[in-house]
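**Student:** Kindly return the folded structure for what I paste below:
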Amino acid sequence: MKKKVIIVGGGIIGLSCAYYLIEDGHEVVLIEKNSFNSGASIVNAGYLIPSHIIPLASPEVLKKGIKWMLNSNSPFYIKPRFNRDLINWGYNFIKSSSSEHVNRSIRVIKDINELSKELYFELRDSKKIDFEIYEKGLLMAFKTSEAEKEELKTAKIARELEMNVQELSKEQVNLMQPKIRMNIKGAFWYKSDAHLTPQSFMINLKSYLLKKGLKVYNENLVESFDYDSSVIDSIKTNKNEIIGDEFVVAAGAWSENLLKKLKIKLLIQSGKGYSIDFFKKTGISYPAILLEDKVAVTPMDGFTRFGGTMEISGLNTKINLKRVNAVAKSSEKYYHGLKIPFENINDAKCGLRPLSPDGLPFIGRHSSYKNLVIASGHSMMGWSLGPVTGKLVSEIISNKKKSISIEPFNPERKFGY
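**Tutor:** Numbers count the residues shown, from 1 in each chain. Next up is the predicted model:
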C-alpha cells in the first residue's frame, strides 16, 4: 500500500531511505534543517568498510579513551562539562565496552556492512546515479610494534571471517604507491574495502530523487510533532506543517533532541570530526588509516582528504584549529615530503557523527508510536551503512521481509548485557 512518508534528515541515511521508499512506490517528503552542503555526510572519508568489525564500544577504545579524553590534542577528546545526557551516555558506553559485546557484534557489523557495500555496487551498476567506486581496499598503516600487535588481533578475526587481509612491509607499501613514500613500519591491507567521493554521490543522489518526485523542505527546523497517544499526525517546522502516514527520524546527531519532542529517550552523543581537503597532487593513491594518530586519508576525485579526531563537545559546529592542526601534523609525519598549507588547514570542515553507546545503529520502529521509524546512531559507519539502512527502513514501512535481522539495532535495546 502506497504511503506518504515524512523523513527528517537529509544526510546519507535520510537520502538513502528516500531512495528505497520511492523505489517501493511511496510518496516521500524530506525535511532538512540546512541546505545539503555541509555535515558529516559531506566531509567524511568516503569509506565502505566491511573490515571495521570491532564496535566503537570496546575494551581497547575505553582504555585509550580514558588516557586521551581530557587532552584537547588527542584523537579522542571529551569537553569537560556537566550534562545529564552525556553522563547517561558515558555510563552506558562503559557498560557496553566489554569483550562479550565485541564478540556479539563482530558478525553483526560485518554482515550489515557487506550488504551495504553490495547495495552501493547495485546502485552504481543500475546507472541511475552517476558515481565511481574505487576498489583499492584500505591500508591500516602503523609506525610502532605496539600498533602492529593491536591491529594484528583485528586482522586475525577478519581472516577467520574469510576477509582478504594482507600484511605489508614498508617497502611493499611504497612500491604500491611510488609517487610518495610513507614513513611507517608497515600496514595491514584490507582488500575487501572500497571508497568513493561523498560530495558527488550526495549531489547526484539528490538530483535523481527530485526527478523521481521527492519533495524537499530544506532550511526547515522541526519545532514540534502533532500526535495522540500512539500515532503521529504531522510535523510542524518553523515554516510549514507537514502531514504524513509514516515518519522516519534520520537526523543524525540531532536525533536525540528531536525525539525528546515525542517524549522518547534515545542515547546519542555527537562525535565531531574534522576534514582537510588538499587540491594539489600528493601522490597518495591508496586510502589509509594512520593507526597511532587515528587519521583517515582518502584520495578522492581531484583532491586528497585528511580527516580525523573524535571530539565529544555537544551539538556545535565550531572549528577548533588546534585539533585541525593535529590532523595535518599527523598526516605529514606519515608521508615523506607532505606539507599541508595553512590555507587548507584554515578551510577545514567538520561533521557530527551520531554515536550510540554500544557503537551499533538504531534502526527500527519505536513502540511509543505505530508510525515512527528511527534510523540513526550509526557512529563511525554512517557513510558505509547508508544504502542498507535505507533498504531496511523501506522494508519496515512496506511490511516486507527484512534483508537481515534488525534485532541488534532495536532503538529500545538495553546496553551492556
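**Student:** who touches the helix-or-strand element of the chain with minimal mean pLDDT?
**Tutor:** Using mean pLDDT, DSSP states H and E, helix 59-68 stands out as the lowest-scoring helix or strand of the chain, at a mean of 80. Residues outside helix 59-68 that contact it (C-beta atoms under 8 Å, 6 or more residues apart in numbering): I54, S74, P75, F76, Y77, F93, I94, S97, S98, S99, V102, E150. The C-beta positions use only the backbone N, C-alpha and C, and glycine is treated the same way.
**Student:** ok, of those, which one's closest to Y335?
**Tutor:** The nearest member of the contacts of helix 59-68 to Y335, counting by C-beta to C-beta, is P75 at 17.7 Å.
**Student:** Can you tell me the closest non-neighbouring residue to the closest one?
**Tutor:** K294 (3.8 Å; C-beta to C-beta, 6 or more residues apart in numbering).
**Student:** isn't the one you found right up against A45?
**Tutor:** No - if you go by C-beta atoms under 8 Å, K294 and A45 don't touch, sitting 11.5 Å apart.
**Student:** which residues in this protein form helices?
**Tutor:** Assigned by DSSP state H, the chain shows helices spanning 12-23, 40-43, 59-68, 84-96, 99-126, 145-160, 170-176, 198-211, 255-260, 321-334, 342-346, 386-397.
**Student:** want to throw these into CSV with mean neighbour count and distance to S234?
**Tutor:** As requested, the helices of the chain are exported to CSV (neighbours: other C-beta atoms under 10 Å; distance: least, C-beta to C-beta, whole Å):
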stretch, mean neighbour count, distance to S234
helix 12-23, 26, 18
helix 40-43, 22, 26
helix 59-68, 15, 41
helix 84-96, 17, 27
helix 99-126, 17, 31
helix 145-160, 15, 46
helix 170-176, 15, 55
helix 198-211, 18, 22
helix 255-260, 20, 15
helix 321-334, 19, 41
helix 342-346, 13, 43
helix 386-397, 25, 17
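**Student:** Turn the ones you listed into JSON lines, columns for distance to G308.
**Tutor:** Output for those, formatted as JSON lines (distance: least, C-beta to C-beta, whole Å):
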{"stretch": "helix 12-23", "distance to G308": "19"}
{"stretch": "helix 40-43", "distance to G308": "11"}
{"stretch": "helix 59-68", "distance to G308": "13"}
{"stretch": "helix 84-96", "distance to G308": "20"}
{"stretch": "helix 99-126", "distance to G308": "20"}
{"stretch": "helix 145-160", "distance to G308": "15"}
{"stretch": "helix 170-176", "distance to G308": "20"}
{"stretch": "helix 198-211", "distance to G308": "16"}
{"stretch": "helix 255-260", "distance to G308": "24"}
{"stretch": "helix 321-334", "distance to G308": "5"}
{"stretch": "helix 342-346", "distance to G308": "13"}
{"stretch": "helix 386-397", "distance to G308": "21"}
